[in-house]
Each structure stands twice: as C-alpha cells, then as structure tokens.
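> structure here, sequence nowhere to be found:
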C-alpha cells in the first residue's frame, strides 16, 4: 500500500526543522483536513521546575509549526510559507508529565496569504489548552508576481 503523500511530505518537512528535532516534535496524523503534531513531555520543556508546567514557548513552537505545516495539507506542491501573524489564546496550563497534541487546519487560501486555525490539547480535544489562529505568506510559484495567481479558496466549513 502506498504511503499517504500528505503524511510523507509533512514527515520530510518536520525532519528538516532543527527546532522541531530539539523539541522532539512528531507527526501524529496528516490529511486534507489538517494535521496533528505531538510535543512529547521532557524536562527540557518545563518552564517552572517547581510545578513541572510546560513552558509557553514550547507550546507556541508546537502551534506555530502545526499551523505552518497545515499548508502542506491544502497546497498541491510545497511552498515556503513564513508566519505573518500568530495569535494564541491559552485556556489553561498543560498538565505536567503528559504529551501535548497540536491540531491545525487551513480554512482559507488566497494568492498571497493562507489562513489557519487550531488548538492544543492533551487527553481530550474537547478540553483544549490553547486556541490558535495564524496567517502565513505564500512565497511559492503561485504567489502574486511570480506567475499566474491561484484563485481564492475556502477549505472546509466557513
């Protein structure tokens, strides 16, 4: 059975990012609907050694990476898409000694910008640690001024 091309592309991309290697990020799932990354718990990502709470910077890296990589789920080929804006609303602290999952999806693609959203959770996606929205600039061949612009599309539900 052939491997899913979205999963394969996302795995290759994740393995090329040094900060993701240092954090130990792993791809949990990837499809046209979005992707989920896993941030394994380790003492190196603890922000407060007295409580064991995970540092917000590790969670931010998880969600920025998940949102940025979700572009791989909707674009027909790889494009460099750096972060333009990222907003994270923290709902509560992550529980110590547990992995954190970060789900992200693209909900709108324009010739210049891709719009994403997602959430971080541990045991239950219905109890998110944080919600995120992000925008990413398209620098690939379909971006304006670099060939024929691609149409604006809305992905999934409005």
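Cool, got the structure. Quick caveat, the model's predicted, so the values are computed rather than measured.
> from here on, contacts and neighbour counts on C-alpha atoms
Noted.
> doesn't residue 68 lie inside a strand?
No: counting by DSSP: H, G, I helix; E, B strand; the rest coil, residue 68 is not found in a strand; it is helix.
> what's the closest non-adjacent residue to the residue nearest the centre of the chain?
Nearest to the geometric centre of the chain sits residue 66, at 0.9 Å (Cα atoms, centre = their mean). Excluding the flanking residues, the one nearest residue 66 by Cα to Cα, 6 or more residues apart in numbering is residue 104, at 5.6 Å.
> assign that neighbour to helix, strand or coil.
strand.
> name the SS class of the residue lying farthest from the centre of the chain, please.
The outermost residue of the chain, judged against the average C-alpha position, is residue 50 (29.1 Å), by Cα atoms, centre = their mean. Here residue 50 is recorded as coil under three-state DSSP.
> distance check, it against residue 117.
Between residue 50 and residue 117 the computed distance is 32 Å (Cα to Cα, to the nearest Å).
> residue ranges with poor pLDDT in the chain?
1-2, 141-158 (pLDDT under 70).
> where do the helices sit along the protein?
5-15, 18-23, 56-69 (DSSP state H).
> which elements pack onto the first one?
Helix 5-15 sits against helix 18-23, strand 26-31, with contacts defined as 3 or more Cα pairs under 8 Å, 6 or more residues apart in numbering; DSSP states H and E.
> residue 124: what's it in contact with?
Contacts for residue 124 were tallied using Cα atoms under 8 Å, 6 or more residues apart in numbering; there are none.
> phi, psi for it please.
For residue 124, the backbone dihedrals (degrees, to the nearest 10) come out as phi -130, psi 120.
> the one 4 residues further on now?
For residue 128, the backbone dihedrals are phi -70, psi 150 (criterion: degrees, to the nearest 10).
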